[in-house]
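Student: mind looking at a prediction? Sequence and model below.
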Amino acid sequence: MRFNVYQLSRKGGREKNEDRMGYTYTRRAGLFAVADGMGGHPEGEVAAQLALQTLAGRFQRECRPRLDDPLAFLQEAIVGGHHQLQRYGERRAMSDTPRTTIVACLLQGSQAWWAHCGDSRLYHVRDGALRVRTRDHSYAELQLSSAGGLRPERYNRNVLFTCLGSPGMPVIDASGPQRLEPGDRLLLCSDGLWGNLSDAQIVTGLGAGPLDEAVPALVDQALRQGGPRSDNVTVLAVEWEGDEPADPADDEDGAEQAAATPSSDAGFATTIRPAFHGEDSQPLPAAEVDIDRSIDEINDAIRRRAAPPPRS
């Protein structure tokens, strides 16, 4: 499996960054996700972090080195994050549970699957044209659909009807498989990006050069257009290069041997911190980190690790 990836998050004009992003992969599958902790509820950054940690933990338990049912995995793992948030609130006797939106994408065997809850989005772009965009779980998007493409005026675009951590079960839309071609680009983002840029601007910007140039330019453009009160802006973009031929090491014995080794030798790489010591234990602290300063170092390390060996 060959891909390029670049991720970037900026605080914008907000007091703190409640967005979280990350990815984890084996030699045969990759999971990419963005979560946006919801303002107006407590500890949005904790909600986003726990949602990503739950996804990553489940991926690393079940992907050996492939998933049998990627679509079911995404749906069940996102619901698992929802339950973790509810338990987090219950253990702390919180009157209001931390909440977050999420969008996640899984790549495996030249195919993509994705799922989302809320208004964090995925864009699939091929040859400079938008092929797919997720539809927000917002009243504004519902009105837009029912109005035949007319701009909705009744609802604020930020009013959602579902998210993770709410009292009821979340609505999760899942799609796939979608066949990928070399050069396809997938972009996952929080509403800080699409709230300031049109779909056309995002598609054009995503295709403007290598990912390590296109993504920072898009984020900077969103911050400029958002002005001094801009929301957090987070983007994770993936360029698909192609799938490798099946490796004999991926047979059943090889997969189980890798799964039994809880280290980098098992074939996992990740930018998502581990969540739990055990299924029911307390989560590790979701402390604030300096995303702006550390993300370039993470990208460089993962890029070096993911680089294919030179061809003879």
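Tutor: Nice, I can see it.

Student: tell me what the residue most central in space within the chain is bridged to.
Tutor: Most central in the chain under CA atoms, centre = their mean is Ala33, positioned 1.4 Å from the mean C-alpha point. Bridge pairing for Ala33 (DSSP bridges) gives the partners Gly22, Ala104.

Student: please apply the same query to the one 4 residues further on.
Tutor: Gly37 has these beta-bridge partners by DSSP bridges: Thr100.

Student: surely it meets Leu52?
Tutor: No: contact criterion CB atoms under 8 Å: Gly37 and Leu52 do not qualify, at 10.6 Å. Backbone N, C-alpha and C define where each C-beta goes, glycine included.

Student: tell me the helices and strands packed up against the helix or strand harbouring Phe59.
Tutor: When secondary structure is defined by DSSP states H and E, Phe59 falls within helix 44-62. Contact here means 3 or more CB pairs under 8 Å, 6 or more residues apart in numbering; DSSP states H and E; on that basis helix 44-62 packs against strand 19-25, strand 29-37, helix 70-91, strand 100-108.

Student: could you list the buried residues of the last one?
Tutor: Neighbour-count burial for strand 100-108, with 16 or more other CB atoms under 10 Å as criterion, is recorded at 100-108.

Student: what about it, distance to the chain center?
Tutor: Going by CA atoms, centre = their mean, to the nearest Å, the spacing between the C-alpha centre of strand 100-108 and its chain's C-alpha centre is 4 Å.

Student: again with stretch 200-217
Tutor: On the basis of CA atoms, centre = their mean, the separation between the geometric centre of stretch 200-217 and that of its chain is 18 Å.

Student: dump that stretch to CSV, restricted to CA.
Tutor: Written as CSV, here are the backbone C-alpha positions of stretch 200-217 (Å, rounded to 0.1, in the frame of the first residue of the first chain):
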residue,chain,number,x,y,z
ALA,A,200,-14.6,24.8,-5.4
GLN,A,201,-11.8,26.5,-3.5
ILE,A,202,-11.1,23.4,-1.6
VAL,A,203,-10.9,21.2,-4.7
THR,A,204,-8.7,23.7,-6.5
GLY,A,205,-6.4,24.2,-3.6
LEU,A,206,-6.1,20.5,-2.9
GLY,A,207,-4.8,20.0,-6.4
ALA,A,208,-2.3,22.9,-6.3
GLY,A,209,1.0,21.1,-6.0
PRO,A,210,2.3,18.4,-3.6
LEU,A,211,0.3,17.8,-0.4
ASP,A,212,3.0,19.4,1.8
GLU,A,213,2.4,22.6,-0.2
ALA,A,214,-1.3,22.4,-0.9
VAL,A,215,-2.5,21.7,2.6
PRO,A,216,-0.7,24.6,4.4
ALA,A,217,-1.9,26.9,1.6
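
Student: make residue 1 into 18 and carry on from there
Tutor: Let's use 18 as the start, then, which means that last one is stretch 217-234.

Student: contacting residues around Met111?
Tutor: When the contact criterion is CB atoms under 8 Å, 6 or more residues apart in numbering, the partners of Met111 are 59, 105.

Student: for it, helix, strand, or coil?
Tutor: Classification of Met111 using DSSP: H, G, I helix; E, B strand; the rest coil returns coil.

Student: okay, it: pLDDT?
Tutor: The pLDDT attached to Met111 in the predicted structure is 95.

Student: same question for Gln66.
Tutor: pLDDT, Gln66: 95.

Student: same deal with Tyr156?
Tutor: Taking Tyr156 on its own, its pLDDT is 86.

Student: still on that earlier bit, TSV for the helices and strands packed on helix 61-79, including mean pLDDT?
Tutor: Putting these into TSV (pLDDT from 0 to 100) gives the following:
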stretch	mean pLDDT
strand 36-42	95
strand 46-54	97
helix 87-108	96
strand 117-125	98
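
Student: tabulate those (TSV), appending distance to Glu60.
Tutor: Written out in TSV, the entries for the helices and strands packed on helix 61-79 read as follows (distance: least, CB to CB, whole Å):
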stretch	distance to Glu60
strand 36-42	12
strand 46-54	7
helix 87-108	8
strand 117-125	10
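
Student: for the protein, what helix or strand is lowest in average pLDDT?
Tutor: Of all the helices and strands that make up the chain, helix 269-276 has the lowest average by mean pLDDT, DSSP states H and E, namely a mean of 28.

Student: continuing past it, what's the next helix or strand?
Tutor: Next along the chain after helix 269-276, with elements defined by DSSP H and E, is strand 286-287.

Student: so which elements touch that following strand?
Tutor: Contact partners of strand 286-287 among helices and strands, from 3+ CB pairs under 8 Å, 6+ apart: strand 36-42, helix 308-323.

Student: surely Asp237 is within a helix?
Tutor: Yes: assignment of Asp237 by three-state DSSP places it within a helix.

Student: count of neighbours near it?
Tutor: Taking other CB atoms under 10 Å as the criterion, the count of residues near Asp237 is 14.
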